[in-house]
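Asker: I would like the atomic coordinates for the input below:
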Amino acid sequence: MDKYKVIEVKESVFASNDADAKTLREELKAQGTFLLNLMSSPGAGKTTLLKQTVKALQSGMAIGVMEADIDSDVDAAAIAETGVKSIQLHTGGMCHLDADMTRQGLRELETGELDLVILENVGNLVCPAEFDTGAVKNAMILSVPEGHDKPLKYPLIFRVCDVLIINKTDVLPYFDFDMEKVEEYAHMRNPDLKIFPVSAKTGEGVEAWCQWLRDEVATWKQA
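Answerer: This is a model prediction of the structure:
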């Protein structure tokens, strides 16, 4: 007879969160709000690209932004400068958001009249990818200085995302970054992944990304 039992709790935690995320998507669908979960490592340019995205889209839709961090309100203050509704979520040391935490943020944001809510998740390539937030679509940013091998090292985030935004293309001449390789590696993980090379600093490529998001929001609201 075994002296003790080994109980695998990780699966049940994820299963419970997945069910909650499905319910949250249904709630958002009913009120016509599209939720985008934006992930990346720290320093990839999430907030800078987010400001560019908001400026490009805000004339055609009502937008809200939730900034998730372990501490500080730096990002929420930066987004508030664009004039859209913005709140800061403190995770209490946790390196990700789950569906319930996202719902709490949406409640405070008062999303009833918003067409698009963007969640800027905690900067991390591992933990945020493990938890379904209830978002309609997942997007991630990979910056040129991080290197083209990241799809090989962090496969899950590439698998769960619908979009890969390759940021900081303006510094390509200064880094050993192979655009063809990163696209090859990313599509090994996810053949359906849409890829947008951009420079949030210069604006190059940002419109193509924004048009994709416009189309997705429109499709979601009409379906």
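Asker: could you use CA atoms for every contact and neighbour count after this?
Answerer: Will do.
Asker: show me which residues of stretch 27-46 are buried.
Answerer: Buried residues in stretch 27-46, defined by neighbour count with 16 or more other C-alpha atoms under 10 Å: 28-29, 32-41, 44-46.
Asker: return the helix or strand bottoming out on mean pLDDT in the chain as CSV; C-alpha atoms alone will do.
Answerer: Using mean pLDDT, DSSP states H and E, helix 74-80 stands out as the lowest-scoring helix or strand of the chain, at a mean of 81. Below are the C-alpha coordinates for helix 74-80, written out as CSV (Å, rounded to 0.1, in the frame of the first residue of the first chain):
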residue,chain,number,x,y,z
VAL,A,74,3.3,54.1,-14.7
ASP,A,75,1.6,52.4,-17.6
ALA,A,76,-1.9,53.4,-16.7
ALA,A,77,-0.8,57.1,-16.5
ALA,A,78,0.9,56.8,-19.9
ILE,A,79,-2.3,55.4,-21.5
ALA,A,80,-4.5,58.0,-19.8
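Asker: any idea how far apart the tips of stretch 122-131 sit?
Answerer: Stretch 122-131 stretches 12 Å from its first residue to its last (C-alpha to C-alpha, to the nearest Å).
Asker: likewise for stretch 132-149?
Answerer: Termini of stretch 132-149 sit 25 Å apart (C-alpha to C-alpha).
Asker: before we move on, what about stretch 125-140?
Answerer: End to end - C-alpha to C-alpha - stretch 125-140 spans 9 Å.
Asker: try stretch 82-93
Answerer: 28 Å.
Asker: may I see the buried residues of it?
Answerer: 84-90.
Asker: what's the least confident helix or strand of the chain in contact with?
Answerer: 47, 50-51, 65-67, 86-88 (C-alpha atoms under 8 Å, 6 or more residues apart in numbering).
Asker: need those in a markdown table (columns: secondary structure, distance to W209 and pLDDT).
Answerer: A markdown table is the format used below for those (DSSP: H, G, I helix; E, B strand; the rest coil; distance: C-alpha to C-alpha, whole Å; pLDDT from 0 to 100):
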| residue | secondary structure | distance to W209 | pLDDT |
| --- | --- | --- | --- |
| T47 | helix | 15 | 90 |
| L50 | helix | 11 | 94 |
| K51 | helix | 13 | 93 |
| V65 | strand | 17 | 94 |
| M66 | strand | 20 | 91 |
| E67 | strand | 20 | 87 |
| S86 | strand | 21 | 89 |
| I87 | strand | 24 | 88 |
| Q88 | strand | 24 | 87 |
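Asker: returning to that earlier point: and of the buried residues of stretch 82-93, the nearest to D170?
Answerer: V84 (27.6 Å; C-alpha to C-alpha).
Asker: what sits against the closest one?
Answerer: Applying C-alpha under 8 Å, 6+ apart, the residues near V84 are 54, 58, 62-65.
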